[in-house]
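Peer 1: structure here, sequence nowhere to be found:
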Ligand code: GLV
Ligand code: MN
Ligand code: MN
Ligand code: MN
């Protein structure tokens, strides 16, 4: 810190990047000392702090900040003369229909990295800085409004359904179902939304908000090693800094509830047990083997809750969450059916029963072809040879793609690690990501 401060004072040093300063301002928010990395569940103190940070940064740039009925934050850069102040004597009502929208999310998985979500939000603010500077210099013509959006509960880490904010906006989830979702403490989404100033009655598909999105472009850290594959590497073994999104892998979440007989660890003979933990252990291995045998499939059990959860207690029940992804919806469905059958056999052998519930599903999404071509052309100016990449991670862009032309830009992730404290990007790549986003937005404005 001391070193960088002394460097900043040097007159020869380059101007500090807005992106770096923006990311640095939130680097202590929501740190998770126990898990490492960040835990920023939606509507936690940490995520609310990030929303406030976003709001003040947006206001500092002269943007108009609003929260919609579904809790999505919008920061509007209206066209001149359309400002809410009505400076030119017009009605003062900004025309935002068909606006260009960028942004991402500020919530995280438990113990997540610094970039999944915030890079697309801070990167959007930094891109606005670049565009506003270009406009001041006469190098930018705008034909429509631009908004930076922040979507709540992208990760589904608190209420179980990923992209909850964009799903509500798009009508891709029944509001009644969304409102009845519960967090680990038993709070309903309805109660938490209300406590955060939202009216549950108003949540759900929002035609007015949708009509304002002409195109949506999300900047995101790459969450695999897609840009670091040999195919794309230069002679020095370095992949391109940025990719254009091509598709989002179909993915879903299922919950298995395995019920057995809760009992005493010391008095219950091994032969007398119906232990759902033993069934869960076998099921997890079966999930791994079944997915490994299916080309292109990914299946994960990352969360398991024994009830009541005591060292000297044979559990009475285990809840176990399954995440399955594959490019073809029918293959995903068949995999889940196969795993369900395995779960039933395993549970029966252990004297347990099993119940399967689908919590969410999103089919494979191919981004809008014309927008993708536009992004490729814009990005080529800063990152020649930027490839088009599919992603195995879910995104709000994937949900919105069903309704509006949508595209994504990915910043190279050297290790490919994500959803982990070890996720990182290099400064130079992140800067190219911002430059590419600014160019892409400029071309679309
Ligand atoms: C969210 O990042 C997901 O892909 O699950
Ligand atoms: Mn993300
Ligand atoms: Mn994520
Ligand atoms: Mn995601």
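Peer 2: That came through fine. Just so we're clear, the structure is a prediction, and the values are computed from it rather than from any experiment. Numbers count the residues shown, from 1 in each chain. Ligands and ions are numbered 1, 2, ... in the order given.
Peer 1: quick check: residues of this structure near ligand 1?
Peer 2: Taking Cβ under 6 Å from any ligand atom, the part of the chain that reaches ligand 1 is made up of 155, 162, 393-394. Yep, even glycine has a C-beta here, placed from its N, CA and C like the rest.
Peer 1: what residues sit buried inside the longest helix along the chain?
Peer 2: In the chain, taking DSSP state H as the definition, the longest helix is helix 329-349. Across helix 329-349, burial judged by 16 or more other Cβ atoms under 10 Å covers 331-333, 335-336, 338-339, 342-343, 346-347.
Peer 1: just stretch 210-230 next, same as before
Peer 2: By 16+ other Cβ under 10 Å, the buried positions in stretch 210-230 come out as 212-224, 226-228.
Peer 1: ok, these vs ligand 2, which is closest?
Peer 2: Nearest to ligand 2 among the buried residues of stretch 210-230 is residue 220, at 5.7 Å by Cβ to the ion.
Peer 1: the helix or strand harbouring residue 217 vs ligand 2: in contact?
Peer 2: Element membership for residue 217 (DSSP states H and E) is strand 213-221. No: if you take Cβ under 5 Å from the ion as the test, strand 213-221 misses ligand 2, and the best it gets is 5.7 Å.
Peer 1: which secondary structure elements does that strand contact?
Peer 2: Judged by 3 or more Cβ pairs under 8 Å, 6 or more residues apart in numbering; DSSP states H and E, the packing partners of strand 213-221 are strand 99-105, helix 118-136, helix 369-382, helix 396-400, strand 406-411, helix 427-444.
Peer 1: so how far does stretch 168-183 reach from one end to the other?
Peer 2: 17 Å (Cα to Cα, to the nearest Å).
Peer 1: just the buried residues of that stretch, please?
Peer 2: Residues of stretch 168-183 classed as buried by neighbour count (16+ other Cβ under 10 Å): 168-170, 172-173, 175, 178-179, 181, 183.
Peer 1: quick one: contacts of that stretch?
Peer 2: Contact partners of stretch 168-183, identified using Cβ atoms under 8 Å, 6 or more residues apart in numbering, comprise 41, 68, 70, 72, 158-161, 164, 166-167, 188-190, 192-193, 200, 203-206, 209-210, 360, 362, 399-400, 402-403.
Peer 1: now swap in stretch 20-35 and tell me
Peer 2: Stretch 20-35 has contacts (Cβ under 8 Å, 6+ apart) with 37-40, 44, 46-47, 49-50, 53, 57, 108, 110-111, 114, 118-119, 122, 125-126, 421, 427, 430.
Peer 1: pLDDT (mean, whole number) over that stretch?
Peer 2: Here stretch 20-35 scores 97 as its mean pLDDT.
Peer 1: do stretch 116-125 as well
Peer 2: 98.
Peer 1: how far away from the center of its chain is that stretch?
Peer 2: Distance, stretch centre to chain centre, for stretch 116-125: 11 Å (Cα atoms, centre = their mean, to the nearest Å).
Peer 1: near ligand 4 at all, that stretch?
Peer 2: No: shown here: stretch 116-125 not in contact with ligand 4 (Cβ under 5 Å from the ion), separated by at least 6.6 Å.
Peer 1: what comes up buried for that stretch?
Peer 2: Neighbour-count burial for stretch 116-125 flags 116-125 (criterion: 16+ other Cβ under 10 Å).
Peer 1: possible to save the residues you listed as a markdown table with distance to residue 253?
Peer 2: Output for these, formatted as a markdown table (distance: Cβ to Cβ, whole Å):
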| residue | distance to residue 253 |
| --- | --- |
| 116 | 17 |
| 117 | 18 |
| 118 | 23 |
| 119 | 24 |
| 120 | 22 |
| 121 | 24 |
| 122 | 28 |
| 123 | 28 |
| 124 | 28 |
| 125 | 31 |
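Peer 1: which one of the residues you listed is nearest to ligand 4?
Peer 2: Taking Cβ to the ion as the measure, residue 116 is the one of the buried residues of stretch 116-125 closest to ligand 4, at 6.6 Å.
Peer 1: now the residue in the stretch 1-150 of the chain that ligand 1 sits nearest to: which helix or strand?
Peer 2: Here the residue of the stretch 1-150 of the chain nearest ligand 1 is residue 116; by Cβ to the nearest ligand atom that distance is 6.5 Å. Using DSSP H and E, residue 116 sits within no helix or strand.
Peer 1: how close does it sit to ligand 2?
Peer 2: With distances taken as Cβ to the ion, to the nearest Å, residue 116 is found 4 Å from ligand 2.
Peer 1: over to residue 294?
Peer 2: Distance from residue 294 to ligand 2, by Cβ to the ion: 25 Å.
Peer 1: OK, contacts around that residue?
Peer 2: Residue 294 touches 326, 331, 335, counting by Cβ under 8 Å, 6+ apart.
Peer 1: mind checking the SS state of it?
Peer 2: Three-state call for residue 294 (DSSP: H, G, I helix; E, B strand; the rest coil): coil.
Peer 1: next one: phi and psi at it?
Peer 2: Here is the backbone geometry of residue 294 (degrees, to the nearest 10): phi -110, psi 110.
Peer 1: and the strand holding residue 217, anywhere near ligand 4?
Peer 2: No: figure legend: strand 213-221 not in contact with ligand 4 (Cβ under 5 Å from the ion); closest approach 7.9 Å.
Peer 1: kind regards, and thank you for your time.
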